[in-house]
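Chemist: Just a sequence and a predicted model for now, questions to come.
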2 protein chains.
Amino acid sequence: MKKHELLIVGGSAGGIQAAICAQKHHGLKDIVVIRPEVKAMVPCGIPYIYGTLGGVEKNILPDKLLGEAKLKVGEVISIDRKGKTVTLKNGEVLGYNKLILATGSNPLQPPIPGTDKKNVWFVKKYPDYLQELALAMDQARHIVVIGGGFIGVEFADECRKRGHEVTIVELLEHCLQLVCTEELCIRAEEALRERGVKVITSNAVKSIGGSDKVEFVKLESGEDIKCDMVIIGIGVLPNTKLAEEAGLKVGPTRGIEVDEFQRTTDGNIFAVGDCAEKYSFFNGQPVPVRLASVATREGKIAAANLYLPQWRNIGTVGIFSTVIGQTAIAMAGLTDAQAHKLGHDVVIGEAEAASKHPGTMPGAEPMRVRLIFDRRSGKMLGGCACCAMTAGEVGNVMAVAIVNGMTMEQVAMFPMGTHPWLTASPLSYQITDAASDALHKTKKVAV
Amino acid sequence: MKKHELLIVGGSAGGIQAAICAQKHHGLKDIVVIRPEVKAMVPCGIPYIYGTLGGVEKNILPDKLLGEAKLKVGEVISIDRKGKTVTLKNGEVLGYNKLILATGSNPLQPPIPGTDKKNVWFVKKYPDYLQELALAMDQARHIVVIGGGFIGVEFADECRKRGHEVTIVELLEHCLQLVCTEELCIRAEEALRERGVKVITSNAVKSIGGSDKVEFVKLESGEDIKCDMVIIGIGVLPNTKLAEEAGLKVGPTRGIEVDEFQRTTDGNIFAVGDCAEKYSFFNGQPVPVRLASVATREGKIAAANLYLPQWRNIGTVGIFSTVIGQTAIAMAGLTDAQAHKLGHDVVIGEAEAASKHPGTMPGAEPMRVRLIFDRRSGKMLGGCACCAMTAGEVGNVMAVAIVNGMTMEQVAMFPMGTHPWLTASPLSYQITDAASDALHKTKKVAV
């Protein structure tokens, strides 16, 4: 049995980032990344396989990122924490000095009858499965997407690009409701409808019907929707079997419990990515925010902390963005509902201006920003932006402001840069203007 | 003589923003903005009049921004500080309680013979003058642009779009050298050359030749460049005549001296924008950074401080961006040269990745980020980004990081958001990766 300095179980975003950073930070040479797949998918790229990219092979995480870390294809079935070894399904045993668990998550299975019918698909991350889905989709006409979160919305949009009839069914009042402020949810639904997607909200799928293969879904409202394919994207469940069987603790959102240095309850074992519990930046409480960008950040932190707790994970801030047709939306930090739940008395600041300036520049389009501040401390809690293609980086401007605890005064006065092709006008830059708007609402500077 | 609560002299970006914010902050109704032009230009849009926008009328600052503030067209020729009045060229006298000077700047005139010849143009902000330039340009074939700063580079690029032969002549070793790190300067020059602009650097124009109308420029190197139009954009000189004649102090970069609340040496008179002295965020010393985005920020600050010093101008951070062809570049904070001059021992972090992910997404292009940190404090001092169209907002992410004094550790771990259409991959997001690179270079986390 060979003992390795670092074993990483899982080779998607979090695991690969941990392997990269363990090499950069510590110069480690003896790293083995173990995963069941020969090739791993770019997780956020999965919906785009079906329209924009045009194939599974266009969405592969390049293994060259691993550097000198070795990739072993196999499934780890147990951890012996005392002996510091892991056992693979084929019987192979590998020793470790440090172990990082990046075992990801599996799609949530809704408790509805009929999910076992032919042409009912989940958003799994296995290339072979996703390839089969691509082939099946070639034969499909009407697709029902169950779940109006980011994955569901992106799948719906991509399926439309291929010309399918698409219906999206969301249990809650709005698509994206768990992560976005209402205004953004509504804008996203409008964009889906403009693209020709049928959007059904406040409704649940009661059953999936058909003889052998799916033929319709039955809604709680009684309606039947004829279809020949169903894609289910209603969330994920952390993959913690291995950790739990090894006696590691699991937290309230079903992730492996970790401290602020990504250490599990065993100091030699770290957990990162979808399999690990997340803790809110705002109050330290568990939050179910499972994103590749969160996973890679945790991978970096775990790698840095392998030998000494050096980098603190200050907590998870949800930074989401997506594009529906040409409508880009981004969300950073807390939604109104989340802020209220945490007890904040909030002030909202809003601004809209052309995404380029003057507004006569080619391609200029209205871009809206809406920011949420705590009234008393003045600190920025969250924000959203739509609809220009710079929204993703505008979300990142907001993210930096939030983690620095910037107040509405500070945001209103930050020294932004502007350019006719790249941003709004300096007279109406949306982030600073939205902060000013909030400030004026508080009448703080009134004489 | 009517006494007004607030007079603003100058109605470009800084003056208009001051008028907007004085209304928002203080609910002021009695504001008069006095400027010589009936219509004001969007300052940053001026080069784009000639190619992209296609006309002066497409680049007008909308006066509706003024809200209830009144616009008076006229030229203020003197200020009586004791009597608190201003006198216009037509003899009219207006009283003020508070006065904001936003008198802007004038193009620098180089001390070379021949600038008085026909078809030698400066980058003035008057619509009529710019319209005449447009008409003259219709007749021109070969244009020489003197000055390789942002304005010169943008004019050169736009003139190419119209099909002119264009030569740019820059005195320093590189275009954009005063504000950009060398790498970015070189990239910009490459982009200009790819567009067909002839770029001549480390060379000066000795004289402008021709009988009545310009026929050639003679370089220090001895070469003559045949041309039938010259555009000079070598910088600006603050317009401080009015302030100086009223006894207000002027600072080392020739701007009106202001304190951290934008107050001049007279507590009832504020100065904002190009006419006002700027002070570096990094050491408080005067810096000649004259941009519309700086002007509008100062306009806000002055307006907030009219009655009580409430908002401190934390200092000027240069945030520049531009686009040459399809190459966008952005720069935030200090260049290497500026950082060295301030005594910093710097660490550079670099990263490059596709602007979208996976790199197979349509329109993905390599995007580079280069960050500068102080080695000892770890604080971020500056950064640059090229070449995707999100560079402008990436520059703003950097700006927020700089003003918050974020260290390389904090930048490496900030909770960025990513999306296939909008940003680099979470495995290789350039800002966090560049910070990690700097950190690894310092070997801070080495075991």
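Modeler: That came in fine, so what should we check first? Please read these numbers as outputs of a predicted model, since none were measured by experiment. Numbers count the residues shown, from 1 in each chain, chains lettered A, B, ... in the order given.

Chemist: Okay, now the unreliable bits of chain A?
Modeler: Along chain A, the parts satisfying pLDDT under 70 run over A:444-447.

Chemist: Nearest the geometric middle of it, what residue?
Modeler: When C-alpha atoms, centre = their mean is applied to chain A, the residue found nearest the centroid is A:Leu291 (2.8 Å).

Chemist: I'd say that residue and A:Val317 touch.
Modeler: No: the criterion here is C-beta atoms under 8 Å, and A:Leu291 misses it with A:Val317 at 10.5 Å. For glycine as for every other residue, the C-beta is placed from the backbone atoms N, C-alpha and C.

Chemist: Let me see the contact set for the closest residue to chain B within the stretch 1-150 of chain A.
Modeler: Using C-beta to the nearest C-beta, the closest approach of the stretch 1-150 of chain A to chain B is made by A:Lys58 at 4.2 Å. Going by C-beta atoms under 8 Å, 6 or more residues apart in numbering or on different chains, A:Lys58 touches A:Ile49, B:Pro358, B:Thr360.

Chemist: Could you measure from it over to A:Pro238?
Modeler: Note on A:Lys58: its distance to A:Pro238, by C-beta to C-beta, to the nearest Å, is 28 Å.

Chemist: Could you do A:Phe155 as well?
Modeler: Distance from A:Phe155 to A:Pro238, counting by C-beta to C-beta: 22 Å.

Chemist: And for A:Ala332?
Modeler: Distance, A:Ala332 to A:Pro238, using C-beta to C-beta: 24 Å.

Chemist: higher neighbour count, those two?
Modeler: Using other C-beta atoms under 10 Å in any protein chain shown as the criterion, A:Ala332 and A:Pro238 rank with A:Ala332 on top: 30 against 25.

Chemist: Make a markdown table out of the contacts of A:Lys58 and add distance to B:Ala391, neighbour count and secondary structure.
Modeler: Listed next are the contacts of A:Lys58 as a markdown table, based on distance: C-beta to C-beta, whole Å; neighbours: other C-beta atoms under 10 Å in any protein chain shown; DSSP: H, G, I helix; E, B strand; the rest coil:
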| residue | distance to B:Ala391 | neighbour count | secondary structure |
| --- | --- | --- | --- |
| A:Ile49 | 28 | 25 | helix |
| B:Pro358 | 21 | 21 | coil |
| B:Thr360 | 21 | 20 | coil |
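
Chemist: can you map out the helices along chain A?
Modeler: A:13-26, A:127-139, A:150-161, A:182-194, A:241-245, A:292-304, A:336-341, A:391-403, A:408-412, A:430-442 (DSSP state H).

Chemist: Residues touching stretch A:126-146, excluding its own?
Modeler: With C-beta under 8 Å, 6+ apart, stretch A:126-146 has contacts from A:36-41, A:46, A:49-50, A:55-56, A:60, A:110, A:119, A:121, A:124, A:152, A:155-156, A:159, A:162, A:164-169, A:205, A:217, A:225-234.

Chemist: Kindly identify which of these also come near chain B.
Modeler: A:Ile60 (C-beta under 8 Å from any C-beta of the partner chain).

Chemist: Domain-wise, how is chain A divided?
Modeler: Chain A breaks down by automatic domain parsing into domains covering A:3-105+A:237-304, A:109-234, A:326-442.

Chemist: Give me every residue in the stretch 201-350 of chain A that's in contact range of chain B.
Modeler: Near chain B, when you scan the stretch 201-350 of chain A using C-beta under 8 Å from any C-beta, you find A:281, A:291-297, A:300-301, A:304, A:307-308, A:310-311, A:313-314, A:316-317, A:319-323, A:328, A:330, A:332.

Chemist: Can you give me every residue that contacts the closest residue to A:Gly349 other than its chain neighbours?
Modeler: Once flanking residues are discounted, A:Gly349 sits nearest to A:Ala438: 3.0 Å by C-beta to C-beta, 6 or more residues apart in numbering or on different chains. By C-beta under 8 Å, 6+ apart, the contact list for A:Ala438 reads A:Val347, A:Ile348, A:Gly349, A:Leu371, A:Phe373, A:Met408.

Chemist: Looking at those residues, which is nearest A:Val272?
Modeler: A:Val272 lies nearest to A:Leu371 out of the contacts of A:Ala438, by C-beta to C-beta, at 30.4 Å.

Chemist: if we can go back for a sec, for chain B, see how far away the residue nearest to A:Gly349 is.
Modeler: 11 Å (C-beta to the nearest C-beta, to the nearest Å).

Chemist: got it, and A:Gly378?
Modeler: 13 Å.

Chemist: Show the backbone phi and psi for that residue.
Modeler: The phi/psi pair for A:Gly378 (degrees, to the nearest 10) reads phi 80, psi 0.

Chemist: who touches the residue nearest to it when sequence neighbours are not counted in this structure?
Modeler: Distances taken as C-beta to C-beta, 6+ apart put A:Thr407 closest to A:Gly378, at 3.6 Å, once the chain neighbours are dropped. Counting by C-beta under 8 Å, 6+ apart, A:Thr407 touches A:Phe373, A:Ser377, A:Gly378, A:Lys379, A:Met380.
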